[in-house]
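Participant: Quick one: sequence plus predicted model below, questions after.
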Amino acid sequence: MLALVGEKRNVIEGLLGRIMPMMSKVGLLVDNSSPTNMEQVYNILNSDERLSKNAVAAIMGNIDVETGGSFDFMQQQNKGPGYGLFQFEGIQRQEYDKFIKDNNLDDSAKSQIDYVMENIFGDKQNIVGQGNAKKIRDAFAGDVDTATEMFMTKFERPKDQSSKQINKRINKAKSIMDMFND
(Lines give C-alpha, C1' and ligand atoms only; values in the text may rest on other atoms or scores of the structure.)
Protein backbone atom coordinates (compact mmCIF):
# COMPACT_ATOMS: atom_id res chain seq x y z
CA MET A 1 0.00 0.00 0.00
CA LEU A 2 2.98 2.32 0.47
CA ALA A 3 3.44 2.53 -3.29
CA LEU A 4 0.00 4.04 -3.77
CA VAL A 5 -0.14 7.80 -4.16
CA GLY A 6 -2.66 10.55 -4.66
CA GLU A 7 -6.32 9.87 -5.07
CA LYS A 8 -6.04 6.06 -5.12
CA ARG A 9 -4.28 6.13 -1.77
CA ASN A 10 -6.88 8.55 -0.38
CA VAL A 11 -9.72 6.28 -1.51
CA ILE A 12 -8.13 3.20 0.06
CA GLU A 13 -7.32 5.03 3.31
CA GLY A 14 -10.85 6.45 3.37
CA LEU A 15 -12.35 2.99 2.97
CA LEU A 16 -10.06 1.58 5.64
CA GLY A 17 -11.08 4.44 7.91
CA ARG A 18 -14.71 3.36 7.54
CA ILE A 19 -14.10 -0.39 7.74
CA MET A 20 -11.73 -0.49 10.72
CA PRO A 21 -14.21 0.98 13.25
CA MET A 22 -16.88 -1.48 12.06
CA MET A 23 -14.47 -4.40 12.46
CA SER A 24 -13.69 -3.40 16.03
CA LYS A 25 -17.40 -3.36 16.87
CA VAL A 26 -17.76 -6.96 15.75
CA GLY A 27 -14.69 -8.09 17.66
CA LEU A 28 -12.33 -8.53 14.71
CA LEU A 29 -9.80 -6.04 16.08
CA VAL A 30 -8.38 -6.25 19.57
CA ASP A 31 -7.15 -2.67 19.94
CA ASN A 32 -8.76 0.40 18.37
CA SER A 33 -7.01 2.91 20.62
CA SER A 34 -4.56 4.35 18.09
CA PRO A 35 -5.51 7.89 17.14
CA THR A 36 -6.30 8.58 13.49
CA ASN A 37 -4.17 10.98 11.45
CA MET A 38 -6.86 13.61 11.98
CA GLU A 39 -6.86 13.10 15.74
CA GLN A 40 -3.07 13.26 15.87
CA VAL A 41 -2.97 16.55 13.93
CA TYR A 42 -5.80 17.98 16.05
CA ASN A 43 -4.00 17.04 19.28
CA ILE A 44 -0.76 18.69 18.12
CA LEU A 45 -2.53 21.90 17.13
CA ASN A 46 -4.80 21.93 20.17
CA SER A 47 -1.78 21.65 22.49
CA ASP A 48 -0.40 24.98 21.19
CA GLU A 49 -1.55 27.62 23.67
CA ARG A 50 -1.16 30.37 21.06
CA LEU A 51 -4.03 28.88 19.05
CA SER A 52 -7.70 29.48 19.85
CA LYS A 53 -10.28 26.78 19.10
CA ASN A 54 -11.22 28.79 15.99
CA ALA A 55 -7.59 28.88 14.85
CA VAL A 56 -7.23 25.12 15.35
CA ALA A 57 -10.41 24.50 13.35
CA ALA A 58 -9.27 26.93 10.62
CA ILE A 59 -5.94 25.17 10.19
CA MET A 60 -7.62 21.74 10.32
CA GLY A 61 -10.13 22.76 7.64
CA ASN A 62 -7.30 23.85 5.39
CA ILE A 63 -5.30 20.67 6.04
CA ASP A 64 -8.42 18.60 5.27
CA VAL A 65 -8.67 20.18 1.82
CA GLU A 66 -4.91 20.20 1.19
CA THR A 67 -4.55 16.46 1.96
CA GLY A 68 -7.84 15.33 0.46
CA GLY A 69 -9.01 14.35 3.94
CA SER A 70 -6.12 11.98 4.68
CA PHE A 71 -4.33 14.23 7.21
CA ASP A 72 -1.23 12.29 6.14
CA PHE A 73 1.97 14.25 6.71
CA MET A 74 3.51 12.38 3.76
CA GLN A 75 0.65 13.25 1.38
CA GLN A 76 1.95 13.90 -2.13
CA GLN A 77 -0.06 16.19 -4.37
CA ASN A 78 -1.72 14.38 -7.25
CA LYS A 79 0.17 15.46 -10.41
CA GLY A 80 2.05 18.19 -8.59
CA PRO A 81 4.95 18.99 -6.29
CA GLY A 82 2.97 19.68 -3.09
CA TYR A 83 3.95 17.63 -0.05
CA GLY A 84 2.65 17.09 3.44
CA LEU A 85 -0.15 18.49 5.57
CA PHE A 86 0.24 21.94 4.05
CA GLN A 87 1.30 20.79 0.56
CA PHE A 88 4.66 22.56 0.75
CA GLU A 89 6.26 23.35 -2.58
CA GLY A 90 8.91 25.69 -3.90
CA ILE A 91 10.49 27.95 -1.30
CA GLN A 92 8.21 26.60 1.45
CA ARG A 93 9.42 23.04 0.79
CA GLN A 94 13.06 24.17 0.70
CA GLU A 95 12.67 26.12 3.94
CA TYR A 96 10.83 23.24 5.63
CA ASP A 97 13.60 20.80 4.65
CA LYS A 98 16.18 23.27 6.01
CA PHE A 99 14.13 23.66 9.22
CA ILE A 100 14.08 19.92 9.96
CA LYS A 101 17.78 19.57 9.10
CA ASP A 102 18.85 22.61 11.19
CA ASN A 103 16.79 21.41 14.17
CA ASN A 104 17.77 17.73 13.79
CA LEU A 105 14.11 16.69 13.41
CA ASP A 106 12.45 13.85 11.57
CA ASP A 107 9.77 14.68 9.03
CA SER A 108 6.47 14.28 10.87
CA ALA A 109 3.11 15.94 11.39
CA LYS A 110 4.53 17.68 14.46
CA SER A 111 7.60 18.94 12.58
CA GLN A 112 5.43 20.30 9.77
CA ILE A 113 3.11 22.03 12.23
CA ASP A 114 6.06 23.41 14.23
CA TYR A 115 7.50 24.84 11.01
CA VAL A 116 4.19 26.53 10.14
CA MET A 117 3.93 27.97 13.65
CA GLU A 118 7.44 29.41 13.21
CA ASN A 119 6.15 31.08 10.03
CA ILE A 120 3.24 32.64 11.93
CA PHE A 121 4.60 33.29 15.44
CA GLY A 122 8.35 32.76 15.36
CA ASP A 123 11.62 33.39 13.61
CA LYS A 124 10.48 32.31 10.14
CA GLN A 125 7.89 35.04 9.55
CA ASN A 126 9.99 36.41 6.70
CA ILE A 127 9.08 33.32 4.64
CA VAL A 128 5.34 34.00 4.65
CA GLY A 129 5.92 37.74 5.11
CA GLN A 130 5.75 39.52 8.46
CA GLY A 131 2.65 41.43 7.36
CA ASN A 132 0.95 38.19 6.34
CA ALA A 133 2.01 36.48 9.59
CA LYS A 134 0.43 39.34 11.56
CA LYS A 135 -2.79 39.16 9.50
CA ILE A 136 -2.99 35.42 10.21
CA ARG A 137 -2.35 35.94 13.95
CA ASP A 138 -5.01 38.67 14.09
CA ALA A 139 -7.50 36.45 12.22
CA PHE A 140 -6.77 33.56 14.60
CA ALA A 141 -8.13 35.73 17.42
CA GLY A 142 -11.44 36.14 15.56
CA ASP A 143 -14.14 33.90 14.15
CA VAL A 144 -13.51 30.61 12.38
CA ASP A 145 -14.62 31.93 8.97
CA THR A 146 -12.09 34.77 8.97
CA ALA A 147 -9.34 32.59 10.42
CA THR A 148 -9.89 29.90 7.78
CA GLU A 149 -9.94 32.35 4.89
CA MET A 150 -6.88 34.25 6.11
CA PHE A 151 -4.86 31.05 6.62
CA MET A 152 -5.85 29.94 3.13
CA THR A 153 -5.07 33.22 1.36
CA LYS A 154 -1.96 34.28 3.32
CA PHE A 155 -0.29 30.94 4.09
CA GLU A 156 -1.60 28.18 1.82
CA ARG A 157 -2.07 30.45 -1.22
CA PRO A 158 -3.76 27.89 -3.49
CA LYS A 159 -4.23 28.78 -7.16
CA ASP A 160 -8.00 28.68 -6.69
CA GLN A 161 -8.97 31.32 -4.14
CA SER A 162 -12.59 31.58 -5.26
CA SER A 163 -15.43 32.03 -2.80
CA LYS A 164 -16.38 28.40 -3.52
CA GLN A 165 -12.91 27.25 -2.38
CA ILE A 166 -13.02 29.50 0.70
CA ASN A 167 -16.48 28.20 1.64
CA LYS A 168 -15.34 24.59 1.17
CA ARG A 169 -12.54 25.14 3.69
CA ILE A 170 -14.79 27.04 6.09
CA ASN A 171 -17.35 24.22 5.99
CA LYS A 172 -14.59 21.67 6.68
CA ALA A 173 -13.31 23.81 9.58
CA LYS A 174 -16.80 24.08 11.12
CA SER A 175 -17.41 20.37 10.69
CA ILE A 176 -14.13 19.57 12.41
CA MET A 177 -14.91 22.07 15.16
CA ASP A 178 -18.22 20.27 15.78
CA MET A 179 -16.48 16.89 15.72
CA PHE A 180 -13.94 17.86 18.38
CA ASN A 181 -16.25 20.08 20.43
CA ASP A 182 -15.37 19.45 24.06
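Facilitator: Cool, the structure landed.
Participant: show me the contacts for the residue nearest the centre of the chain.
Facilitator: The centroid of the chain falls nearest to I63 when counting by CA atoms, centre = their mean (2.9 Å). Shown in contact with I63 (CB atoms under 8 Å, 6 or more residues apart in numbering): 41, 71, 85-86. Every residue, glycine included, has its C-beta placed from N, CA and C.
Participant: now the residues you listed as TSV including neighbour count?
Facilitator: As requested, these are exported to TSV (neighbours: other CB atoms under 10 Å):
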residue	neighbour count
V41	26
F71	21
L85	27
F86	25
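Participant: Count the neighbours of the nearest residue in space to K110 that is not next to it in sequence for me.
Facilitator: Once flanking residues are discounted, K110 sits nearest to I44: 5.3 Å by CB to CB, 6 or more residues apart in numbering. For I44, the neighbour count with other CB atoms under 10 Å is 19.
Participant: swap in N126?
Facilitator: For N126, the neighbour count with other CB under 10 Å is 10.
Participant: coming back round to it: these two touch, right, the residue nearest to K110 and A109?
Facilitator: Yes: using CB atoms under 8 Å, I44 is in contact with A109, at 6.1 Å.
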